[in-house]
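Undergrad: give me coordinates for this.
(chains A and B, ligands or ions: 4)
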Amino acid sequence: MANNRPKLAVFKFASCDGCQLSLLDCEDELLAVAGKVHIAHFPEASRESVRGPYDVTLVEGSITTPDDVERIQKIRRRSKMLVTIGACATSGGIQALRNFRDVKEFTSIVYAHPEYIRTLETSTAIADHIPVDFELRGCPVNKYQLIEVLNAMLWGRKPQIESGSVCVECKRRGTVCVMVAQGMACLGPVTHAGCGAICPAYNRGCYGCFGPQETANMDPLSEKLAGLGVLATNIARLYSTFNAGAEPFEKARRQVEATNN
Amino acid sequence: MRAIQEQNAFIMEARELNRLIETLAEKGYETIGPTVQQGAILYGHVGSAGDLPAGWSDQQGPGTYRVSENGDSSFFGYVVGPNSGKSFLHPSRETLMQASRKGDLLEFVDDPAPPERYALIGLRPCDVKAIEIQDRVLLEGLYVDRKYKERRDLLFIVTVNCAKPGGTCFCTSMGSGPAADSGYDLALTELNDDRGHRFLVEVGSDSGSELVAALTTKQATAADIDSAGRQADDAAEAISKSIDTTGLREQLYDSLDSPYWEKIGARCLACTNCTMVCPTCFCTNVQDVSDLAGNSAERIQIWDSCFNAEFSGLHGGSVRQSIHSRYRQWMTHKLASWEDQFDTLGCVGCGRCITWCPVGIDITEEANTIRKRAGQLAGTVEDAP
Ligand code: SF4
Ligand code: SF4
Ligand code: SF4
Ligand code: SF4
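TA: Ligands and ions are numbered 1, 2, ... in the order given. Sure, this is the predicted structure:
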C-alpha cells in the first residue's frame, strides 16, 4: 500500500525553516497528508529518508553556496513535480541583501577564519537555477495555500493561487484601507496576494512578505509614499526586506535611491 | 426644484428614527446602516438610532478619506464610505454548492443557509441606483444569480437624500442623486433647522406605507416640502465633479487606440481597489475547493476584478497584459459598453473609485481628458483641407 502512495520530499536550502514549519503547523490536515502520501524525506518531521524519485518535492530556501548549486540539480533530477516554497526559495529571501554588498567583507568581519567559508556572492531563487513547476510565495508561506498546492499536485490539477495584489484580499475581508483613511505606508498594491491581508486588518501597512504581485507597478507607489511624507531612505528600506532580490522591488529601490542622491 | 408629492410626504420627529429602526428589527429584518468602524463610515449592524454616527462627517478627495466629529446633532452628515449595498446583497465570498462523497456516490447540496432579510437604512441615492443597476445585471439577464435574488426579494430600503455631498461625488452627472426619485421603500430628508430636527419621509412602496403607519408622523406642510426641495438643490449645486455623458459612449469607442490610455496605465497600480469598492462592479471568480482526502468539495464565488491579469486569462495567458488595457477595459465598460449590455451606464457617480484609489486616479478627469482629446482629434480632421 505504502508503495502506491505518491512520495513527498521536503528539502531545505538557505532559510529559517519557517515555511517547513507551516507544513508541520497543518496538524489536522497533515494527518490527511500522511494518509494520502508517503512522506519519503522530511527531516523536520520524520527520521525516515527514502531515496527518490519523488512525486512531489517541496524546496525551501535560497541558493547561497557552490554546494547548493549542485545539490539542487540532483534534487530536480529526482523529482517529478518540484514546488518552491517561501520568499527565500522564490526570490532569494532576506539574505539576498548580500547581493548588493561586498560578501568578502562580511565574512572577514563575522568569521574568525574566513578562509573556511565557501559561499557565493549572491543569494538567488531556486528558479534561477532549475525549472520549477510552481512557486508558492510568502514569508512564511500561508499554510492553507500550501495545502492547496499539495492538494492540486496530488490530484493533478492547477493550484488555485491568486497572483493579484494584497488589496484584493484586503477589500474582500472588509478592511478599511489604512493608506487612504490614515495615510499609513502600505505595500499592498504592489504585493502578491496570499496572506489574506493580515497586516491592514491589524491596522498596519503591508510589509510585502509575499513579494511582487504579477504586474507590480512600483513607481506610482513610490510617489504615493513620498507624498505621504515617507523619506526616500525609508521607502528604500520598505523594498529591501524578505523579497529585496525580487526584480521589481530591487529596481524600485535603486530608482528611489538614485532620485534621492 | 425637486417635485415632492404632498400627499406622499410625512414629517417624522428625529427621535422617531429609533422607532423606525426597531420596528424593522421587530419585523424580522437585519437592520444595516452607517456606523463608525476602523476610522470610516461603514454600513454595518445598527440596533438603534444610537448606533448611527450622529455628529460625524467625512472629508473625501482623490486617494484620501478622513472622518471627524463635528458635534452637530444630524444623524446623516456624511456621505458614502468604502462599502455599499453590494457588500450585503452580492458579498465578496459566497458558497454556491457543496458536495460530499457518500460511498460510491456524490451528494450535492445547494448552500443550505436561508437568505438574509436585510433592511438597508441610510443608503444614499447613488447606492439605491447602484442596486437597480446590479438588478439588471444579476436578475434581468439570461442567468439569474439565485442568492442575490433571494436577498433582493426580501430587501427593505430606507434611503437618505444627501444634504452635503462629498468631495468626490458626481451623481448629478449620472442622474442618480443627490436625492432619490425611485427604487426605495422610504426616502428620508433630514431637516435640522430653526423649525426643529425632523425627517421628511417619502413613501415609495406598499411596505414603506405600512411602516409609516406604524410610526408617529404627520402630513408634511408646504414649508417642509419647500425646505427639503431647497436642500436637494443646494446639495446638487455643491457637487464639484462632473462627466459630460452626451455622446460619451461613441467618443470612448472612437478613442480605443488613444495613446492617452498608456499615460493612465503608467500611474495605475492594477491594485483593483476601484472595482472592489464600486457598488455596481459585479465580476466574480468561481473556485472549486476540495479536502485532501477527496471526500468533500465546495464551489465558491468570490469578487474578482478586470485589473487582475488572470481575469482575462485564456488559453496561453492573459489577453490584457498591460495595465493600461485593463484600465481601458474598466472605464469603457462603465461608461460605454455597459449601455450596450444592460441599457444603462455602469456608474452612479458615487466617487468611491476616486477616493479609494491609493493614487487618486479620477474617473471624471480621465473621461473628460479622453473626451477632450477625441474632440481635438475630430477638430483637426475637420479642419484638414
Ligand atoms: S490597506 Fe494596503 S492592502 Fe489594504 S487596500 Fe489599502 S493599500 Fe491595499
Ligand atoms: S465607477 Fe466609481 S463613481 Fe462610478 S459607481 Fe463605480 S465607484 Fe462609483
Ligand atoms: S454621489 Fe450624490 S447621492 Fe451619492 S453620496 Fe454623493 S451626493 Fe449623495
Ligand atoms: S485606478 Fe486606482 S484603484 Fe483602480 S487599479 Fe488603478 S491604482 Fe488601483
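Undergrad: flag the shaky bits of the stretch 1-150 of chain B, pLDDT-wise.
TA: B:1 (pLDDT under 70).
Undergrad: and the residue of it that's closest to ligand 1?
TA: B:P82 (9.0 Å; CB to the nearest ligand atom). Heads up, the C-betas are built off the backbone N, CA and C, glycines and all.
Undergrad: likewise the stretch 151-261 of chain A?
TA: Closest point on the stretch 151-261 of chain A to ligand 1, by CB to the nearest ligand atom, is A:G188, at 2.1 Å.
Undergrad: helices of the stretch 51-200 of chain B, start to end?
TA: Ranges of helices in the stretch 51-200 of chain B, per DSSP state H, counting those that start in this stretch, are B:86-89, B:125-138, B:146-154, B:171-174.
Undergrad: B:L188: which of these is closest?
TA: If you check each of the helices of the stretch 51-200 of chain B against B:L188 by CB to CB, helix B:125-138 wins as the nearest, at 11.0 Å.
Undergrad: for the residue of the stretch 1-150 of chain B closest to ligand 1, what are phi and psi?
TA: phi -70, psi -20 (degrees, to the nearest 10).
Undergrad: who are the neighbours in contact with it?
TA: If you count contacts by CB atoms under 8 Å, 6 or more residues apart in numbering or on different chains, B:P82 has them with A:171, A:176-177, B:40, B:42, B:65, B:277, B:352, B:355-356.
Undergrad: would JSON lines of the helices of the stretch 51-200 of chain B with mean neighbour count be doable?
TA: Output for the helices of the stretch 51-200 of chain B, formatted as JSON lines (neighbours: other CB atoms under 10 Å in any protein chain shown):
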{"stretch": "helix B:86-89", "mean neighbour count": "22"}
{"stretch": "helix B:125-138", "mean neighbour count": "23"}
{"stretch": "helix B:146-154", "mean neighbour count": "17"}
{"stretch": "helix B:171-174", "mean neighbour count": "22"}
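Undergrad: can I get these in JSON lines with distance to ligand 1?
TA: Putting the helices of the stretch 51-200 of chain B into JSON lines (distance: least, CB to the nearest ligand atom, whole Å) gives the following:
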{"stretch": "helix B:86-89", "distance to ligand 1": "15"}
{"stretch": "helix B:125-138", "distance to ligand 1": "20"}
{"stretch": "helix B:146-154", "distance to ligand 1": "25"}
{"stretch": "helix B:171-174", "distance to ligand 1": "24"}
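Undergrad: between the ones you listed, which one is closest to B:E107.
TA: helix B:146-154 (19.5 Å).
Undergrad: same for the closest one, what does it pack against?
TA: helix B:86-89, helix B:125-138 (3 or more CB pairs under 8 Å, 6 or more residues apart in numbering or on different chains; DSSP states H and E).
Undergrad: residue contacts, residue 188?
TA: No chain in the question, so chain A it is. Neighbours of A:G188 in contact, by CB under 8 Å, 6+ apart: A:165-167, A:170, A:179, A:197, A:200, A:205-206, B:271.
Undergrad: was after chain B, sorry
TA: B:L188 neighbours (CB under 8 Å, 6+ apart): B:12, B:76, B:158-161, B:199-202.
Undergrad: ok, of these, which one's closest to A:T215?
TA: B:T159 (38.5 Å).
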